[in-house]
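Undergrad: got a sequence here, can you build the structure:
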Amino acid sequence: MIFSNEPVVKVNNACIFQGINTILKNVNFDIEKDEFVFLIGRTGSGKSSLLKTLYADLPLIMGEAQVVGYSIAHIKKKEIPFLRRKLGIVFQDFQLFPDRTVAENLYFVLRATGWKDKIKMKNRMIEVLMGVGLGGAATKMPHQLSGGEQQRVVIARALLNEPSILLADEPTGNLDPDVSDGIFKLFQEINKKGTAILMATHNYELLKKYPYRILKCENGQVLDSKTADISLSGTGI
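TA: Here you go, the predicted structure:
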C-alpha cells in the first residue's frame, strides 16, 4: 500500500493510442489513494485502452502518467512486473487457467511476483480467498465454480500483493444482476479498507445508486464529474 499523500494515479496531457489511432487526447485526472471512481462511455470510446495504458499494456507515447509511483511514459519493460505488483487488475472474462485449481491459479501469481516462502504464500492465498467469501474453494477447478465465484477468485488474485489501486474492466459485465450486486459490494468493502478503485462499467443502475465520482470517455475526451456536469445519456449503458 502507498502511505504518502500523493495520488495513486496522476495523468497529465496524455494521449491514448490503440496502434496508430488516437483514441483519447488531452487526458488529465488524478485518483486519490482511497477514491472510488467509475469509468464510463460507449463501447469503443476508449475505456479499456485507458486502463491498458495505466497498467502498461499499451505504451504511453504522448503526455505523462504516474501510477503507484511509476512513470508510465518512461517505464522500462523490466519494471512492468513491479508496477503490476502494486496494481490489481480485474478482467470481465476472468482469465483463470482452466486446467489449474483455484489455489494453483493464485500460487502462479505469487511466484510470478517474487514470493518464495511457501508458508507465507499459503497464508496469503487463504487470507484473500476468505476475504472474498471463498474460503472453501482452494481445491476446486474454475469450471466447478459459478460465474460470480470465478469473478471473486479473480478479485482475490488481484488482491494478493495488497495493491494500492484496483483497475477493473467491467467486472460485472457477464454476471446476472443479483450476482453483480454482491461483486460490487465486495469492491466497496475493499475500497473502505483503503484501496482505490477505478471501475469501467456499463451498469447504469450502479451509477444511479452510488454517487461516486465519474470519468466519462466521450468524443475523444475524458470528462471528470469533479469539474464537469456529466450526462449519463449517450454512454451506451
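
Undergrad: list the buried residues of whatever helix or strand D181 lives in.
TA: For D181, the element it lies in under DSSP states H and E is helix 177-192. Buried residues in helix 177-192, counted by 16 or more other C-beta atoms under 10 Å: 179-181, 183-184, 186-187, 190-191. Where C-beta positions appear, they are placed from N, C-alpha and C, glycine not excepted.

Undergrad: okay, strands next: where are they in the chain?
TA: Assigned by DSSP state E, the chain shows strands spanning 9-18, 21-31, 36-40, 62-67, 70-71, 87-90, 165-169, 196-200, 213-218, 221-224.

Undergrad: would you reformat those as JSON lines and include mean pLDDT and distance to T139?
TA: JSON lines is the format used below for the strands of the chain (pLDDT from 0 to 100; distance: least, C-beta to C-beta, whole Å):
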{"stretch": "strand 9-18", "mean pLDDT": "95", "distance to T139": "37"}
{"stretch": "strand 21-31", "mean pLDDT": "95", "distance to T139": "37"}
{"stretch": "strand 36-40", "mean pLDDT": "96", "distance to T139": "33"}
{"stretch": "strand 62-67", "mean pLDDT": "96", "distance to T139": "35"}
{"stretch": "strand 70-71", "mean pLDDT": "96", "distance to T139": "36"}
{"stretch": "strand 87-90", "mean pLDDT": "91", "distance to T139": "23"}
{"stretch": "strand 165-169", "mean pLDDT": "94", "distance to T139": "26"}
{"stretch": "strand 196-200", "mean pLDDT": "96", "distance to T139": "30"}
{"stretch": "strand 213-218", "mean pLDDT": "95", "distance to T139": "40"}
{"stretch": "strand 221-224", "mean pLDDT": "94", "distance to T139": "43"}
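
Undergrad: can you lay out these as a markdown table showing mean neighbour count and distance to M130?
TA: A markdown table is the format used below for those (neighbours: other C-beta atoms under 10 Å; distance: least, C-beta to C-beta, whole Å):
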| stretch | mean neighbour count | distance to M130 |
| --- | --- | --- |
| strand 9-18 | 19 | 29 |
| strand 21-31 | 18 | 28 |
| strand 36-40 | 22 | 23 |
| strand 62-67 | 19 | 29 |
| strand 70-71 | 16 | 30 |
| strand 87-90 | 22 | 17 |
| strand 165-169 | 25 | 18 |
| strand 196-200 | 23 | 20 |
| strand 213-218 | 21 | 30 |
| strand 221-224 | 19 | 36 |
